[in-house]
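1. What shape does this take:
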Amino acid sequence: MKILVISGPNLNRLGERDPSLYGKTTLKEIEDALKSDAQKLGCELVFFQSNHEGALIDFIQQSSHMASGILINPGGLTHNSYSLRDALADTGKPVVEVHLSNVHAREGFRHRSVIAPVSLGQISGFKAESYRLGLQALAKHFKESA
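-> Numbering: from 1, shown residues only. Down below sits the predicted model:
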């Protein structure tokens with residue numbers, strides 16, 4: 001099974017950007033940990049990160065046909081990108097939304113996700129581990145659906 005792992009705006013700065021909220025782990029380190037987990041789960045991962053909403057949408061539209069599911073951290077686009085939400089919904093693929101910080105313990109505008117209604121679930125607050133938990137949840141979904 002192939003899973004798209006998509007990271008949105010500012011996630012390229014992980015490790016440098018407010019470590020108290022996001023941790024000290026870089027995006028590359030998260031991807032390396034996910035690769036190790038994927039081997040154990042029998043998954044193949046395709047990684048993509050962009051600070052541009054349109055690039056994320058283009059990637060989803062061009063790549064989702066080859067994937068079984070999508071693991072996404074939409075970053076700040078979580079709260080207002082109806083275009084990203086629609087692109088995810090249009091794939092018809094299972095989506096798991098992840099966030100490094102606990103978005104529900106932060107500013108009020110972060111409490112609402114336009115992505116959540118088109119996702120199997122949302123994992124937040126566990127820093128880099130959120131990605132790993134999201135991958136495990138998606139793999140379990142496929143196993144139970146088989």
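
2. contacting residues for residue 90?
-> Residue 90 is in contact with residue 61, counting by Cβ atoms under 8 Å, 6 or more residues apart in numbering. To be clear about C-beta, it is placed using only N, CA and C from the backbone, and glycine gets the same treatment.

3. switch the cut-off to 10 Å
-> The contact partners of residue 90, taken as Cβ atoms under 10 Å, 6 or more residues apart in numbering, are 57, 60, 61, 64, 118.

4. In the residues you listed, which residue is surrounded by the most others?
-> residue 60 (23 neighbours; other Cβ atoms under 10 Å).

5. Go through the longest helix along the chain and flag the buried ones.
-> Longest helix in the chain by number of residues, with DSSP state H as the criterion: helix 129-145. If you call a residue buried by 16 or more other Cβ atoms under 10 Å, then helix 129-145 has these buried ones: 129, 130, 131, 132, 133, 134, 135, 137, 138, 139, 141, 142.

6. So for it, mean pLDDT?
-> Helix 129-145 shows a mean pLDDT of 96.

7. do the same with stretch 4-11
-> The average pLDDT for stretch 4-11 rounds to 98.

8. first vs last residue of it, how far apart are they?
-> Distance across stretch 4-11, first residue to last, is 16 Å (Cα to Cα, to the nearest Å).

9. List the buried residues for it?
-> Under the neighbour-count criterion of 16+ other Cβ under 10 Å, stretch 4-11 has 4, 5, 6, 7, 8, 9, 11 buried.

10. Pretty sure residue 145 sits against residue 93.
-> No. Here residue 145 does not reach residue 93: they are 12.0 Å apart, not a contact under Cβ atoms under 10 Å.

11. where do the contact lists of these two overlap?
-> Residues touching both residue 145 and residue 93 (Cβ under 10 Å, 6+ apart) are residue 68.

12. one step back: which helices and strands sit right next to the longest helix of the chain?
-> Judged by 3 or more Cβ pairs under 10 Å, 6 or more residues apart in numbering; DSSP states H and E, the packing partners of helix 129-145 are strand 2-7, helix 27-41, strand 69-73, strand 95-99, strand 121-124.

13. what distance separates that helix from the middle of the whole chain?
-> 11 Å (Cα atoms, centre = their mean, to the nearest Å).
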